[in-house]
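K.L.:
Predicted structure and sequence below. I'll ask about it afterward.
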Amino acid sequence: MAETADEKAHRLLHEGRLIVRTVGDPSHPGRIVAEYRGDSGMIYLLGFDPKKAEWRCTCAEIKGNCSHLKALKLVVVVSGAKSRYV
């Protein structure tokens, strides 16, 4: 059976492939920047844009629902968001 996006998100964290680079800074409060090393070795950039209240990833999966963002959402909380899983 194929691995679900949620299962893959947990695997990515377990394998240490998600690196959170920035969580808010004085010039960009609320912004989250991270990178993830894919199964193929490709590096994806991902994060949260507080100005648009939008999660973003450079992979080709459905916007906001990829395993990379699911992994990131497991380790960060967006202040003021209605849900951790915006």
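P.N.:
Looks like it came in fine. Everything quoted here is computed from the prediction, not taken from an experiment.
K.L.:
In this protein, what residue spans correspond to strands?
P.N.:
Here the chain has its strands, by DSSP state E, at 18-25, 28-37, 43-49, 54-57.
K.L.:
which parts of the last one are buried?
P.N.:
To tie it back to what came earlier, the one meant is strand 54-57. 55, 57 (16 or more other C-beta atoms under 10 Å). Any C-beta I mention is one placed from the backbone N, CA and C, and that applies to glycine too.
K.L.:
what helices or strands is it leaning on?
P.N.:
Strand 54-57 makes packing contacts with strand 43-49, helix 67-75 when contacts are defined by 3 or more C-beta pairs under 8 Å, 6 or more residues apart in numbering; DSSP states H and E.
K.L.:
how about these in JSON lines, adding distance to residue 29?
P.N.:
What follows is the helices and strands packed on strand 54-57, written out as JSON lines (distance: least, C-beta to C-beta, whole Å):
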{"stretch": "strand 43-49", "distance to residue 29": "12"}
{"stretch": "helix 67-75", "distance to residue 29": "18"}
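K.L.:
Give me the nearest residue to residue 76, chain neighbours excluded.
P.N.:
Distance criterion C-beta to C-beta, 6 or more residues apart in numbering; nearest residue to residue 76, sequence neighbours excluded, is residue 32 at 5.6 Å.
K.L.:
What about the one you found, how many residues nearby?
P.N.:
Using other C-beta atoms under 10 Å, residue 32 has 23 other residues around it.
K.L.:
ok, it touching residue 18?
P.N.:
No: in this structure residue 32 lies outside contact range of residue 18 using C-beta atoms under 8 Å: 11.5 Å.
K.L.:
Any chance you could list residues touching both of the two?
P.N.:
By C-beta atoms under 8 Å, 6 or more residues apart in numbering, residue 32 and residue 18 have these common neighbours: residue 72.
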